[in-house]
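**Student:** requesting a structural model of the entry that follows:
(2 chains)
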Amino acid sequence: MDDHGVSSVITLDGLQCLLDALARRGYQVVGPRVRDQAIVYDELARVEDLPVGWTDEQDGGHYRLKQRGDHALFGYAVGPHSWKRFLHPPRVGLWQATVVNEDRLHFEPVRDDAPRYAFVGVRACELAAIAIQDRVLMDDNHADPHYRSRREQAFLVALNCSEAGGTCFCDSMNTGPDVKTGYDLVLTELLEEESHGFLIQAGSDEGADILSELPGTPATGAHHRAAREVVERTRSNMGRSMPQTAIPALLMDNLEHPRWDDVAERCLSCANCTMVCPTCFCTTVEDTSDLEGVTAESSRRWDSCFNADFSYIHGGSVRNSTRSRYRQWMTHKLATWVDQFGTSGCVGCGRCITWCPVGIDITEEVRAIQGDSSQGEQT
Amino acid sequence: MRSQHVWLPEPVRVLSRKQELETTWTLELEPGQSGKGGFLPGQFNMLYVFGVGEIPISFSGDPSQTERLVHTVRAVGPASSQLAASRPMATVGLRGPFGTGWPMAAAEGSDLLIIAGGLGLAPLRPAIYHVLNNRERYGRVVLLYGTRSPDDILFREQLEAWNRLSDFDVHITVDHAGSDWTGKVGVVPALVPTLAFDPEDTVAMVCGPEIMMRFTASALRDAGVDDESIYLSMERNMKCALGHCGHCQFGSNFVCKDGPVLSFDRLRGLLSLKEF
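**Tutor:** Residues are numbered from 1 along each chain as shown, chains lettered A, B, ... in the order given. Alright, predicted model coming up:
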């Protein structure tokens, strides 16, 4: 944790001041909310909008909200949403084609009024996921204009995790639970019997500006120690761990391993894992035309390598079997992604495990191919 | 490429349309702004048909001619069928050029084996034009072309003209033929060992159905050609051509930007995998 020289301790009122300050600056403030018995990301105005006193119970194919018995605001792990939904939205209009003068086509970009988002409660694994999508969609000769406009305007209020979920394994992916970089402000929730507040530190000039407007007290060494303890406790409670081995070589040397047949027996090819994954970036393009045949709109929506059409070329799909699709997803995520973008595509958030209807566990699949079917060492 | 909106096509007119085979047509298009900068043999454009969609189509024309973009299209799906049916003066959408080209510069001074299967001759034709335009830069040049039947031979008149050149060897083979066919019968890879070339100093450029490329690459390796000197043009589903949509991945390669032309050392071990 780098405190950039500016840190203080704020109360819940101070947190409300932060939400207000962001709204005043024109940001659309988004953070965790309880909806449909899950914690999702949605617009946020008041501290009470947060999932006060809630936590989540997560395991393979299992997610339940429970009362914690305290008033923690961030006492849960990540839910089915990720910030991808805002930065790389599920559907984006690309352009419209209009027939003019009988046969001439005119192309016009669809107006993209990207909001200025302020995300509240961005965890370390999610910052890592955003950094990965930055590489995929911006660090190239062809930066995606839709992603870039949202990303460059976004204000990130990060959060040091105080609770590890049953499917979390960020520690073994070296992405968390402590926030290291890539934020404007970072919060650590300090919940004690007699006091409830946040250590808040700035990571950018704008973050420092906003911090200076908040009512708070200077953070002491004790506060920083308490914050470190929160993170270390979270680190020791990870529900899963990724085996510490050279995973890209392991997978690429085992492309015909019998485990792919085994996982194919369980996998429903439903694409849930790719929808909840904060780094999966694949999209398809859809064309829709009006009934008169005068205008057609091209839009982009999330796609998944688990869909049959994904690999379609004339004559049929390249990857017809579930075995080949799961192999594509997992080898891309953990192996070929490294060649393409210099980083693993997995941040250890555990969403693909929790939201898999049959509870397929990516860490267990790696372990199986590695030939170590034991539970492995839990860190 | 206009950088501000990488997804936006440019409207261009179809200038001419010529039927090549029963379901294959060659279109000439206005170059627009996108085509003004020329292209590399092996590259492709994304062509959009109103209300249907966008598909990647390789250049099939002479790279030294920039006043018309030439694309040869087989009508197989909704977009390619509509595109192939485009009448002169119709407008289509154009984005490009995209992808890597054949190693024309790196191959200078070497012998060339240009090996095509079926419609795979179309993406190789710009390389052939380039070689003929700069014949002195290359050693011995052999074109080996295979199709299913004599009726599927693309650019037949051109092949005959190239065959009459003293410094350009053309070998044509078909999988099966009637009694009126006097040429070779058999698959392309089987002919590789019969060709005269120096494996140490040969660059092979191969385009055709994946199974044909796989066996051809294998025959070339058996003949002693280095993996780094064997180039294949891969085909995968593509939506964006920008490396963003993810559809065209083949191992670590995004076929749209790392390919479509890839040297065999980047494909080794993966081509033989089923459903990879």
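
**Student:** quick check: B:Trp7 touching B:Cys240?
**Tutor:** Yes: with contacts counted by C-beta atoms under 8 Å, B:Trp7 reaches B:Cys240, the gap being 7.2 Å. (Glycine included, C-beta is placed from N, CA and C.)

**Student:** number of residues surrounding residue 182?
**Tutor:** No chain was given, so I picked chain A. The local packing of A:Gly182 (other C-beta atoms under 10 Å in any protein chain shown) involves 18 other residues.

**Student:** the intended chain is chain B.
**Tutor:** B:Thr182 has 7 nearby residues by other C-beta under 10 Å.

**Student:** for it, grab phi and psi.
**Tutor:** phi -100, psi 0 (degrees, to the nearest 10).

**Student:** what's the pLDDT at it?
**Tutor:** pLDDT, B:Thr182: 93.

**Student:** any idea how far B:Pro150 is from it?
**Tutor:** 10 Å (C-beta to C-beta, to the nearest Å).

**Student:** can you list the residues of the stretch 1-150 of chain A near chain B?
**Tutor:** A:94-95, A:97, A:99, A:103-107, A:109, A:136-137, A:140, A:142-145 (C-beta under 8 Å from any C-beta of the partner chain).

**Student:** list buried residues within these.
**Tutor:** The neighbour count (16 or more other C-beta atoms under 10 Å in any protein chain shown) marks A:Leu94, A:Trp95, A:Ala97, A:Val99, A:Leu105, A:Phe107, A:Val136, A:Leu137, A:His142, A:Ala143, A:Asp144, A:Pro145 as buried among the residues of the stretch 1-150 of chain A next to chain B.

**Student:** for stretch A:110-130, which positions count as buried?
**Tutor:** Under the neighbour-count criterion of 16+ other C-beta under 10 Å, stretch A:110-130 has A:114, A:117-130 buried.

**Student:** find the nearest non-adjacent residue to A:Val99, please.
**Tutor:** A:Val294 (5.3 Å; C-beta to C-beta, 6 or more residues apart in numbering or on different chains).

**Student:** surely that neighbour meets A:Gln96?
**Tutor:** No: using C-beta under 8 Å as the test, A:Val294 is too far from A:Gln96 to be in contact (10.5 Å).

**Student:** among those two, which residue is more densely surrounded?
**Tutor:** Neighbour count, other C-beta under 10 Å: between A:Val294 and A:Gln96, A:Gln96 has more, with 16 against 13.

**Student:** quick check: that one is in a strand.
**Tutor:** Yes: assessed by DSSP: H, G, I helix; E, B strand; the rest coil, A:Gln96 belongs to a strand.

**Student:** so which residues make contact with the host helix or strand of B:His71?
**Tutor:** Using DSSP states H and E, B:His71 sits in strand B:69-74. Outside strand B:69-74, the residues that touch it by C-beta atoms under 8 Å, 6 or more residues apart in numbering or on different chains are A:314, B:12, B:20-21, B:23-31, B:35, B:39, B:45, B:47, B:57-62, B:80, B:83-84, B:94, B:119, B:122, B:125, B:154.

**Student:** pull out the buried residues from whichever helix or strand comes after it.
**Tutor:** Per DSSP H and E, the first helix or strand lying C-terminal to strand B:69-74 is helix B:78-84. Neighbour-count burial for helix B:78-84, counted by 16+ other C-beta under 10 Å, picks out B:Ala79, B:Ser80, B:Gln82, B:Leu83, B:Ala84.

**Student:** now do the last one against chain A, distance only.
**Tutor:** The one in question is B:Ala84. 13 Å (C-beta to the nearest C-beta, to the nearest Å).

**Student:** what sits against A:Gly348?
**Tutor:** By C-beta under 8 Å, 6+ apart, A:Gly348 lies in contact with A:Cys125, A:Cys168, A:Phe169, A:Cys170, A:Asp171, A:Ser172, A:Met173, A:Thr175, A:Gly176, A:Arg240, A:Met242.

**Student:** so it sits in a helix?
**Tutor:** No: counting by three-state DSSP, A:Gly348 is not found in a helix; it is coil.

**Student:** find the nearest non-adjacent residue to it, please.
**Tutor:** A:Met173 (3.4 Å).

**Student:** could you point out which element follows the one helix or strand A:Ala21 maps to?
**Tutor:** Using DSSP H and E, A:Ala21 falls within helix A:12-24. Counting by DSSP H and E, the next helix or strand C-terminal to helix A:12-24 is strand A:28-35.

**Student:** may I see the buried residues of that next one?
**Tutor:** For strand A:28-35, burial by neighbour count (16+ other C-beta under 10 Å) applies to A:Val29, A:Val30, A:Gly31, A:Pro32, A:Arg33, A:Val34.

**Student:** list phi and psi for B:Ile115.
**Tutor:** The phi/psi pair for B:Ile115 (degrees, to the nearest 10) is phi -120, psi 120.

**Student:** got the confidence number for it?
**Tutor:** Reported pLDDT for B:Ile115: 98.

**Student:** what sits against it?
**Tutor:** Contacts of B:Ile115 (C-beta under 8 Å, 6+ apart): B:Leu143, B:Leu144, B:Tyr145, B:Val188, B:Val192, B:Ala204, B:Met205, B:Val206, B:Cys207, B:Gly208, B:Thr216.

**Student:** how close does the fifth one get to B:Asp169?
**Tutor:** I take that to be B:Val192. In terms of C-beta to C-beta, B:Val192 sits 13 Å off from B:Asp169.

**Student:** for the two, indicate the residue with more neighbours.
**Tutor:** Neighbours were counted for B:Val192 and for B:Asp169 using other C-beta under 10 Å; B:Val192 has more, 23 against 18.

**Student:** got the phi/psi numbers for the more buried one?
**Tutor:** Dihedral pair for B:Val192: phi -50, psi -50, per degrees, to the nearest 10.

**Student:** which of the contacts of strand B:69-74 are buried?
**Tutor:** Neighbour-count burial (16+ other C-beta under 10 Å) applied to the contacts of strand B:69-74 gives B:12, B:20-21, B:24-31, B:35, B:39, B:45, B:47, B:57-62, B:80, B:83-84, B:94, B:119, B:122, B:125, B:154.
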